[in-house]
Structures are given as structure tokens and as C-alpha cells.
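K.L.:
After the sequence you'll find the predicted model.
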Amino acid sequence: MRRLWRYLTSWRSSIRGKLMLAMILVAAVPVAVVTGMAADTNRKAIEAEVVESNLTNLTWTRLYLSDQFIQLNNLMYSVMINQSLSDYLRYVDEAELANQFTAQRNLLETLMSSYYSANQSITSVELYLPDAGKRFMVNSDGSTIWPQPEPPAEYAQLFETRQASAILPVPGQPDQFKLIRSINRFETRQPYGGIAVTVKWSMLDQAMELLNPDSRHTVLIASGDGELLYPPDSQDHSSIELAKTSTGVDRVGYRKADNDYVFYDRVDPSGLVLLKVIPDAFVNQSAWRTMTNGLIIGAVSVAVAIVTAVLLAWRLARPITRLARAMQVLNPMKDNPLEPSGRTDEIGLLETKFANLTSRIREHIKNEYSMTLEKQTAELKALQAQINPHFLQNTLQLIGSTLFKSTPAESYAIIRSLSQMFRYIIREPDALATVKEEVEHARHYLHIQQWRYESRLSSTLDVDDAALACKLPRLTLQPLVENAFLHGLEHRAGQWELGIRVRYEHPYVLIEVSDNGVGMTESRRSEVQRRLEQAAERLWVHDGHIGLSNVASRLRMHFGEASQLVIESRLGVGTQVSFRIPAQSEEEES
């Protein structure tokens with residue numbers, strides 16, 4: 001332990017101490033950073049989940065409440081448009097008491113019919129007519145009529161503000177609220193009466209339980225001016241302040257208060273504001289359980305990483321230190337081979353072994369490099385000998401169907417296109433082919449696809465004659481066309497459009513393959529572009545297809561970064577893949 005402490009404290013002058021410190025930092029810092037980032041990401045994910053779920057629940061609850069208030073409005077409208085109300089207003093000033101009595105009786109029967117047809121949450125239906133100076137009320141005790149020469153306060157306020165409706169608390173009845181609606185003349189829009197229903201807040205309890213099933217949060221209903229109406233017995237000042245500061249909204253949303261998340265939505269047609277308050281501690285508590293486990297695992301991982309780094313550095317540094325002291329002037333990685341000094345002792349033996357080892361490493365690297373080149377060449381030949389089995393199967397099925405419904409000449413045209421494709425693929429593979437050969441190969445592929453999809457596919461070939469003799473890697477163009485079908489057109493409904501455009505723009509040839517497929521989002525396009533730019537020089541296939549990475553790698557191997565594939569795409573519009581090659585023909589190269 002003392003020696004370990006001495007080496008750790010003298011790291012500035014000891015390679016062993018520096019190696020230990022470096023390995024500890026390399027092992028421990030990433031684990032600590034990743035653990036912290038994972039904890040923060042987990043909290044944000046839980047926060048996003050809480051926000052999304054509560055906004056959805058708030059929307060469903062708002063729809064339910066809106067439906068309830070629409071039913072209440074329909075109940076009042078049924079009284080307002082009833083003929084008995086018009087008859088009563090017509091006979092109210094007549095001298096004949098019989099007509100007045102009949103009209104009044106019919107009006108009471110209409111109110112009672114509306115009251116008994118409503119749900120059990122409605123405790124009374126009330127009608128006030130200032131021209132008649134009377135107020136009618138129907139409840140469970142029966143019907144009541146009393147003179148009312150002056151408008152009650154709630155009706156007077158409604159008439160003065162010219163509001164269509166209002167929701168007010170019932171004095172002495174905190175578990176009820178009153179929905180009042182003005183009755184206006186059609187011609188002048190002047191109020192000539194009002195109708196009101198008294199409703200129990202318990203009508204909304206079922207919807208509130210859906211919004212807050214475990215009763216751990218606060219659910220409120222406030223009026224348009226911020227007055228807290230529900231729950232009836234709420235006296236929480238903080239809830240009242242949240243209700244006042246959250247009114248005036250016109251759509252569902254949320255905001256972050258000091259220590260709460262406040263979700264809100266306006267309930268039409270009542271004008272009420274539905275609120276749900278979730279303490280910030282709820283989100284933190286939900287995230288903290290996961291963060292605690294992550295922090296514990298992270299701490300254990302850091303400790304294990306530190307111990308492993310110290311032991312590994314200790315074991316690695318001992319032979320390195322001894323070798324450095326004995327062979328300070330030797331460097332096995334110099335360009336020139338290391339010449340042994342001819343010593344016959346242990347140091348000479350180390351020199352000889354080190355020189356031999358250096359030579360073998362260089363030879364091994366050279367052999368590996370040659371094998372890699374041979375492997376890549378073999379992979380390229382294998383690629384050129386492949387054809388997509390799904391495409392072959394579909395083509396054979398197409399040929400079989402055309403034999404029955406088409407002429408022999410048309411069937412032969414498909415067979416000839418497939419034969420030309422095979423001939424091009426299995427011929428002796430050269431590294432490069434002409435643009436003309438690649439275009440013809442793509443033309444045969446499109447000819448088969450045109451027969452397969454008939455009038456649904458519209459393809460165009462626009463090729464400059466000056467570019468036909470230019471060279472590019474074999475099997476470059478057709479995989480781009482096939483990729484347009486697989487990832488763009490086959491996922492799109494309606495008419496398909498695919499175009500191949502070759503332009504001679506000295507000193508380059510520009511080749512573009514475009515389609516009107518489903519396209520990609522900007523984030524997806526950027527990701528694919530980044531993968532193509534970072535693709536290693538590998539030659540491989542995926543599910544029988546020569547992919548974009550393969551084409552990009554071969555273009556880079558032959559022409560460098562200037563021939564990088566460029567993807568342009570818009571979601572729902574289409575995709576274009578383009579690249580440039582040097583405008584140099586085979587004769588110019590020779």
C-alpha cells in the first residue's frame with residue numbers, strides 16, 4: 001500500500017502514475033457522465049410522459065363536460081322555443097283571466113315536463129319574465145309562482161352585461177351552481193326574460209374521478225374571471241391564485257408554476273376553465289426512484305472501473321518501465337528496421353527479439369493489407385454476380401401472367417430485359433463501366449418494373465450524349481433506382497413518378513435519381529446522410545439488396561470525397577439522390 005501511495009503521489013515523474021491516472025479518468029469519467037445524463041434524461045422522459053398523459057386526459061374530460069353543458073343548454077332551449085311561453089307572453093296583458101290562467105298553466109306544465117325529463121343532478125328549473133313581473137320555479141316540491149316586479153340580482157347583471165349565459169354559485173348551497181341564460185327577442189336582441197337551472201356539482205364527479213383517479217392531485221373548475229367554483233368546499237388560497245392566473249385560455253395546454261404543473265382547458269359552451277394541478281415533487285419523486293438505482297449502479301461501476309484501471313495500469317506499467325529503462329534508444333516503429341547492437345547479454349537478447357518482433361509486425365501488417373484488398377475484390381465480384389431474389393421472383397411471376405394475357409412479343413420483351421440484366425451482371429467484372437452501360441442496365445430494370453406496375457408508374461430518362469462514355473463503378477445506378485422503389489414509391493398511394501437525369505457539366509458528370517415517394521423528415525435525411533459520409537470502404541449487401549452505403553463506399557474508393565452521395569428529401573413530396581463523377585472517358589484516361 002505504501003508503494004502504491006508513493007507511485008500515485010509521484011505521478012508527474014512516473015509513467016506508471018500517469019498511466020494509472022489516465023486509465024482512471026478514461027474508465028470513471030465516462031461512467032459518471034453517462035450515469036448523470038441517464039438520470040437527467042429519465043427525469044425529462046417521465047416529465048414528458050406526465051405532461052402528455054394529463055393533456056390527453058384533460059381533453060377527454062373537457063369533451064365530457066362540454067357534452068353535459070350542451071345537454072343543460074338543450075333543456076333550456078326546449079323551454080325557450082316552446083309555444084306555451086309565446087302564448088303566455090301574448091295573453092299576459094289580456095283582460096280575460098281565463099286565457100291568462102290557461103297560458104300560465106300550460107307554461108308551468110312545460111317547466112315541469114322539462115324538470116322531470118332532466119337527470120337527477122338538476123334540482124330546479126326557473127323562469128323569470130320581467131314584462132309579466134313574475135318568477136316561475138319548478139323543483140321536487142312542486143311548482144311556485146311569485147310576483148317579481150324588480151329583476152333579481154343575477155338576472156339584472158346578466159341583462160346589463162348583455163351576456164348570453166352565466167354560471168353562478170348558489171348562496172347557502174356550495175354543492176350546487178346555477179346556469180342562467182338570457183331570453184332575447186329575435187328582432188332586436190333585447191332580453192325579455194331569463195331561464196335558469198340549478199345543478200348539483202356531483203354531476204361532474206364522475207368526470208373529475210377520470211381525470212384524477214387516485215385523488216393525489218388537485219382538480220379545479222374556475223369561472224372565466226378566475227372565481228373558483230369546483231370543488232365546492234375548496235378554500236385553498238394557492239388553488240384560488242392558480243385559477244385566477246390560468247383563466248383566459250382558449251385551448252388545452254399547461255404551464256410550469258413555482259412548484260406545480262398547471263394543466264388547463266376551456267370547457268365550451270360554458271366558458272369554464274378546467275384545471276389540474278400536479279406538484280413538482282410528484283414528477284421528481286417518480287424520477288428519483290429510477291435515478292437512485294441508476295446512481296447506485298453508476299457508483300458501483302465507477303468504483304469497479306477505478307480498481308480495474310489501477311490494477312491494469314500497475315500490471316501494464318511494470319514491463320513497460322523495465323523495457324524503457326533497458327532500451328531507451330530503441331523504437332520498433334521507426335521506418336528503418338532496428339539494427340541489433342550485437343550484445344550477448346539479456347539486453348542484446350531483448351534487442352534481437354524486439355527487432356525480430358518489429359519485422360514480423362510489419363510483415364504481418366503488409367499481409368493483412370494484401371488480404372483485405374483481395375477480400376474487397378472478391379466481395380465486389382460477388383456483388384456483381386447477385387440479383388435481388390425478390391425482384392427475380394416477381395419478374396418470373398410477371399412473365400407467367402403475361403404469357404396468358406399478352407402477345408408473345410410483349411412477353412419476349414420482358415424476358416429479353418431480364419436476360420440483358422443477367423448478362424450485364426455475370427460478365428467479367430471490371431472495376432468501372434461506362435455511363436451508357438449503367439443507363440442501359442437501369443433501363444432494362446425500369447422496363448420490367450413498368451410492366452409490373454403498368455399505368456401506375458411513370459419513368460423518365462434524361463441523359464446527355466456527351467456523358468455516355470464517362471466511367472463509374474459498375475452496378476451504381478440500378479441500386480439507386482431499386483432503393484427509390486423499396487423506400488419511396490412502394491409506400492406511397494397513387495401515381496408513381498421516377499426520373500433518371502445525367503448531365504454533362506465539365507469537369508464533372510452529374511447523375512440524379514428522383515422519385516415522388518413518401519420522402520423523409522429532415523432529421524431522418526440528416527441521419528442517413530451522416531451514415532453515408534461516415535461509411536467505411538466496405539462492400540456488402542443487406543437482405544439481397546445493394547444498399548446506398550455500398551454505392552457510397554465504392555464511389556469514394558474510386559473518386560474520393562468529391563463523389564459523395566447527396567440526399568435531398570421532403571416528407572410526403574419525394575426524394576432525390578445525386579452524385580458527381582469526373583467527366584473523363586476511357587480514351588482520355590489512356
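P.N.:
Alright, I've got the coordinates.
K.L.:
Distance of Val79 relative to Arg525?
P.N.:
61 Å (Cβ to Cβ, to the nearest Å). All C-beta atoms are positioned from the backbone trio N, CA, C, and that covers glycine.
K.L.:
Also Phe422?
P.N.:
For Phe422, the distance to Arg525 - Cβ to Cβ - is 34 Å.
K.L.:
before we move on, what about Ala299?
P.N.:
Counting by Cβ to Cβ, the gap from Ala299 to Arg525 is 40 Å.
K.L.:
In terms of neighbours, single out the busier of those two.
P.N.:
Arg525 (17 against 13; other Cβ atoms under 10 Å).
K.L.:
Touching, the more buried one and Ile567? I think so.
P.N.:
Yes. Using Cβ atoms under 8 Å, Arg525 is in contact with Ile567, at 5.7 Å.
K.L.:
Skip ahead from the longest strand belonging to the chain and say which helix or strand is next.
P.N.:
Longest strand in the chain, counting residues (DSSP state E): strand 173-184. Sequence-wise, the next helix or strand downstream of strand 173-184 (DSSP states H and E) is strand 191-200.
K.L.:
what's that following strand packed up against?
P.N.:
helix 15-80, strand 122-129, helix 153-161, strand 173-184 (3 or more Cβ pairs under 8 Å, 6 or more residues apart in numbering; DSSP states H and E).
K.L.:
how far does that strand sit from the chain's center?
P.N.:
Relative to the chain's own centre, strand 191-200 is displaced by 48 Å; criterion: Cα atoms, centre = their mean, to the nearest Å.
K.L.:
do the same with stretch 480-490
P.N.:
Worked out by Cα atoms, centre = their mean, stretch 480-490 lies 24 Å from the chain centre.
K.L.:
just stretch 131-147 next, same as before
P.N.:
Worked out by Cα atoms, centre = their mean, stretch 131-147 lies 59 Å from the chain centre.
K.L.:
Any buried residues in that stretch, and which?
P.N.:
Ala132, Lys134, Arg135, Phe136, Met137, Val138, Ser143 (16 or more other Cβ atoms under 10 Å).
K.L.:
avg pLDDT for it?
P.N.:
Mean per-residue pLDDT for stretch 131-147: 87.
K.L.:
what's in contact with it?
P.N.:
88-89, 92, 104, 107-108, 111-112, 114-115, 123-129, 148-149, 152, 192-193, 198 (Cβ atoms under 8 Å, 6 or more residues apart in numbering).
K.L.:
Produce a ChimeraX select command limited to the buried residues of these.
P.N.:
Applying 16+ other Cβ under 10 Å to the contacts of stretch 131-147, the buried members can be selected in ChimeraX as follows:
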select :88,89,92,104,107,108,111,112,114,115,123,124,125,126,127,128,129,148,193,198
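K.L.:
what's the spacing between His126 and Ser78?
P.N.:
Just to correct that, residue 126 is Glu rather than His. From Glu126 to Ser78 the distance is 15 Å (Cβ to Cβ).
K.L.:
whoops, I mixed them up, Leu179
P.N.:
14 Å.
K.L.:
neighbour-wise, which of these two wins?
P.N.:
Leu179 (20 against 14).
K.L.:
sorry, back to before: show me what the longest strand of the chain is packed up against.
P.N.:
Checking 3+ Cβ pairs under 8 Å, 6+ apart, strand 173-184 ends up next to helix 15-80, helix 153-161, strand 165-170, strand 191-200.
K.L.:
Same list (these) but as TSV, adding distance to Glu505.
P.N.:
Formatted as TSV, the helices and strands packed on strand 173-184 follow (distance: least, Cβ to Cβ, whole Å):
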stretch	distance to Glu505
helix 15-80	47
helix 153-161	72
strand 165-170	70
strand 191-200	76
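K.L.:
Please convert those to a markdown table, extending it with mean pLDDT.
P.N.:
Shown next, in a markdown table, are these (pLDDT from 0 to 100):
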| stretch | mean pLDDT |
| --- | --- |
| helix 15-80 | 79 |
| helix 153-161 | 84 |
| strand 165-170 | 85 |
| strand 191-200 | 89 |
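K.L.:
now, of those, which is deepest in the fold?
P.N.:
strand 191-200 (a mean of 21; mean count of other Cβ atoms under 10 Å).
K.L.:
what's the angle from that strand to strand 165-170?
P.N.:
50 degrees (axes from the mean of the first three to the mean of the last three Cα atoms, to 10 degrees).
K.L.:
Walk me through which strands strand 191-200 pairs with, and which way each runs.
P.N.:
In the sheet, strand 191-200 lines up against strand 122-129 (antiparallel), strand 173-184 (antiparallel) (DSSP bridges).
K.L.:
Quick one: closest of these to Leu489.
P.N.:
strand 173-184 (57.0 Å; Cβ to Cβ).
K.L.:
roughly how far out does that closest one sit from the chain middle?
P.N.:
Centroid separation between strand 173-184 and its chain, computed with Cα atoms, centre = their mean, is 44 Å.
K.L.:
Please apply the same query to stretch 156-170.
P.N.:
45 Å.
K.L.:
gap between the two ends of that stretch?
P.N.:
In terms of Cα to Cα, to the nearest Å, the two terminal residues of stretch 156-170 are separated by 16 Å.
K.L.:
what's it in contact with?
P.N.:
Outside of stretch 156-170, the residues within contact range by Cβ under 8 Å, 6+ apart are 73, 151, 154, 176-182, 191, 194, 198, 223, 229, 232, 269-272.
K.L.:
Give me the neighbour count for Ser202.
P.N.:
13.
K.L.:
dump the residue contacts of it.
P.N.:
Ser121, Asp175.
K.L.:
Among the buried residues of stretch 131-147, name the ones in strands.
P.N.:
Among those, the members falling in strands (DSSP E) are Lys134, Arg135, Phe136, Met137, Val138, Ser143.
K.L.:
between the helices and strands packed on strand 173-184, which one is nearest to Asp258?
P.N.:
Per Cβ to Cβ, nearest to Asp258 of the helices and strands packed on strand 173-184: helix 15-80, 16.1 Å.
K.L.:
tell me the angle of the closest one relative to strand 173-184?
P.N.:
60 degrees.
K.L.:
Show me what Asn139 bridges to in the sheet.
P.N.:
Ser124, Gly142.
K.L.:
Lys200: what's it in contact with?
P.N.:
Ser121, Ile122, Thr123, Asp175, Gln176.
K.L.:
do the same with Glu437
P.N.:
Contacts of Glu437 by Cβ under 8 Å, 6+ apart are Tyr424, Arg474.
K.L.:
same thing with Val252?
P.N.:
With contact taken as Cβ under 8 Å, 6+ apart, Val252 is in contact with Leu55, Leu58, Thr59, Arg62, Phe263, Tyr264, Asp265.
K.L.:
run the last query once more with 6 Å
P.N.:
Leu55, Leu58, Thr59, Asp265 (Cβ atoms under 6 Å, 6 or more residues apart in numbering).
K.L.:
where's the second one relative to Leu274, distance?
P.N.:
Relative to Leu274, Leu58 is positioned 6 Å away (Cβ to Cβ).
K.L.:
quick one on the thing from earlier: show me what counts as buried in the longest strand of the chain.
P.N.:
Gln176, Phe177, Lys178, Leu179, Ile180, Arg181, Ser182, Ile183, Asn184.
K.L.:
Just name the closest of those residues to Leu475, please.
P.N.:
Leu179 (74.8 Å).
K.L.:
Okay, and the beta partners of that closest one?
P.N.:
Bridge pairing for Leu179 - DSSP bridges - gives Ile167, Val197.
K.L.:
Show the contacting residues for it.
P.N.:
Leu72, Ile167, Val197.
K.L.:
list the contacts for the last one?
P.N.:
Applying Cβ under 6 Å, 6+ apart, we find Val197 in contact with Leu72, Ile122, Val125, Leu179.
K.L.:
make it 7 Å
P.N.:
Counting by Cβ atoms under 7 Å, 6 or more residues apart in numbering, Val197 touches Leu72, Leu75, Met76, Ile122, Val125, Leu179.
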